[in-house]
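Asks: Got a predicted model here, sequence first, then my questions.
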Amino acid sequence: MQTTDSRIEPGTLPTEEQFREEALAFLSANAEKRPPDKVEWGVGSDSVELFADKTPEQELEDLENSRAWRMKSFDAGFGWITGPTQYGGRGLPNSYQAIYNSLESNYKVPSQGPFGIGLGMVAPTILAHATESVKTKYLRSMYRGDIVGCQLFSEPSSGSDLASLQTKAERDGDEWIINGQKVWTSGAQFSDIGEIICRTDPTLPKHKGLTGFVVDMKAPGVEVRPLRQMTGGASFNEVFFNNVRVPNEYLLGDVNQGWTVALTTLMNERAAIGGSGAGIIGVNKTFELLMQLGSICSQDPIARQQIADLYIHMKASHFTSMRAMAKVKAGQLPGPEMSLGKLSLTNNLQRIGNFVSHVLGPKLIADTGEWGTYSWASLLLGTPGIRVAGGTDEVMKNIIGERVLGLPKEPKPAVDRI
Ligand SMILES: Cc1cc2nc3c(=O)[nH]c(=O)nc-3n(C[C@H](O)[C@H](O)[C@H](O)COP(=O)(O)OP(=O)(O)OC[C@H]3O[C@@H](n4cnc5c(N)ncnc54)[C@H](O)[C@@H]3O)c2cc1C
């Protein structure tokens, strides 16, 4: 790594202006400036995929590229800007992270996708609920990119109704023994640790007999099997636990208090997906290509109506995401805005599907080789996955109905036991 003169001594709090200069010096010494985004119909790649179709070798190569950048930026003081200093963070306010993100977006740096779940959901939960030794052992390594984390929540019969999960953990001296199966675990194929929620007391009501743990994904008895998606790739997995031993100090929170731990993770998950509406289909290449496709078929009154509708909804969704993210950046807890953000994202994906189906017709399902046509099929095929991941559309509607509109709660079964 090249060093820079403007690096602030550790332990001192730079002003925002000093920090900006330090970050700019680091970025300009270590990354190439991104040319201004200009999307031109028929030029370059026409990919608008939501889920990448990669071989395991390509996945590993991407992981190593992401890791190399993560390590470099962490070692220069930009890998965990807001984190507590005792665990490897820089201890600076959220506004400094916003400054860095905005500067970094002007440079060509590898995508940090492989670290998204670990840093977006698992690490904040470890920080909030893990023992001191686990925080010390894992947080710095996670933010530096030495290790990757995954989220082991869903099971074959427990997704939306997460509290009904069956994977069990039984105490054995200073250890716990885990048996059961998780499913849809994104990134488990290259993860080093996972956050798992297990049933530790089946006699308690279902939300009360759960406990969270950090589990070593390389431990004996952990088996990861990839699941192939209809978009081609296999980015998520089934994970089997067969007598997997976890030390007691790897507990997250207290025994039988796992529901609180899970909620910490789920709030961060919704913040990540809900707030990403702008990133996935907001003011980016997909948006530009849609608008250009709209102008190509502007003589068709139905297409014209659809593209105007899309423009309005995508802009509204973008500004809603920005408002929600501003709340998070200001240190406030993500609330039902995140559910609104996620639902408007998936509604817009469906609007895009309707529009491209109308204007492209058969070219959407048979590859004619024509630029900007068949490529939209991958967006259509990826949309159901986004509608389900991180809480389905129906679950988001329940949250909005109950917490935003004040509608009566859903009826619950009389006996809330598993
Ligand atoms: C791309 C992707 C990545 C994922 N990554 C992970 C991961 O890394 N880790 C992890 O643990 N899980 C992951 N998941 C799993 C995801 O969290 C679950 O799929 C999701 O919570 C839904 O659960 P389910 O699939 O069991 O569907 P179910 O809960 O069985 O739902 C089936 C249908 O019933 C509807 N439904 C369920 N409950 C209600 C209700 N109360 N009211 C109205 N309708 C209802 C749903 O909306 C849905 O249409 C991922 C999923 C996807 C698609």
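Replies: The structure has been received and is ready for your questions.

Asks: count of residues packed around whatever residue of the stretch 101-250 of the chain ends up closest to the ligand?
Replies: Using CB to the nearest ligand atom, the single residue of the stretch 101-250 of the chain nearest to the ligand is G159, 1.8 Å away. Just so you know, the C-beta spots here come from the backbone N, C-alpha and C atoms, and that holds for glycine as well. G159: 17 surrounding residues under other CB atoms under 10 Å.

Asks: now swap in R140 and tell me
Replies: R140 has 19 nearby residues by other CB under 10 Å.

Asks: cool, and the one 4 residues further on?
Replies: By the measure other CB under 10 Å, the count of residues near R144 is 18.

Asks: And it, how far from Y100?
Replies: 16 Å (CB to CB, to the nearest Å).

Asks: pLDDT weak spots in this protein?
Replies: 1-11, 37, 271, 273-283, 333-334, 413-418 (pLDDT under 70).

Asks: Spell out which residues of it are next to the ligand.
Replies: Proximity of the chain to the ligand is confined to 117, 150-154, 159-160, 184-186, 236, 385, 388-389, 391-392, 394-395, 398, 410 under the rule CB under 6 Å from any ligand atom.

Asks: Separate out the buried members of those residues.
Replies: The neighbour count (16 or more other CB atoms under 10 Å) marks 117, 150-154, 159, 184-185, 236, 385, 388-389, 391-392, 395, 398 as buried among the residues of the chain next to the ligand.

Asks: In the stretch 151-300 of the chain, what residue spans correspond to strands?
Replies: Using DSSP state E, counting those that start in this stretch, the strands found in the stretch 151-300 of the chain span residues 168-172, 175-186, 193-199, 210-216, 222-227, 236-247, 251-252.

Asks: Can you convert the ones you listed into TSV and add a column each for distance to S378?
Replies: Putting those into TSV (distance: least, CB to CB, whole Å) gives the following:
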stretch	distance to S378
strand 168-172	39
strand 175-186	18
strand 193-199	28
strand 210-216	33
strand 222-227	18
strand 236-247	17
strand 251-252	36
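
Asks: Just tell me which of these ends up closest to L345.
Replies: For L345, the closest of the strands of the stretch 151-300 of the chain is strand 175-186, at 17.3 Å, according to CB to CB.

Asks: How about the longest helix along the chain, which residues are buried there?
Replies: In terms of residue count, the longest helix belonging to the chain (DSSP state H) is helix 301-329. Neighbour-count burial for helix 301-329 flags 303, 306-307, 310, 314, 317-318, 320-321, 324-325, 327-329 (criterion: 16+ other CB under 10 Å).

Asks: go on, stretch 182-197?
Replies: So for stretch 182-197, counting by 16+ other CB under 10 Å, buried means 182-185, 187-189, 191-197.

Asks: Equivalent analysis for stretch 341-350, please.
Replies: Using 16+ other CB under 10 Å as the test for burial, stretch 341-350 gives G341, K342, L343, S344, L345, T346, N348, L349.

Asks: Quick one: distance of the helix or strand that P124 is a member of to the chain centre.
Replies: P124 is part of helix 123-129 when elements are defined by DSSP states H and E. Helix 123-129 sits 16 Å away from the centroid of its parent chain (CA atoms, centre = their mean, to the nearest Å).

Asks: ok, and what's touching it?
Replies: The contact list for helix 123-129 (CB atoms under 8 Å, 6 or more residues apart in numbering) reads 83-84, 87, 134-135, 138-139, 142-143, 149, 195, 212, 214, 252-253, 260-261, 264-265, 268.
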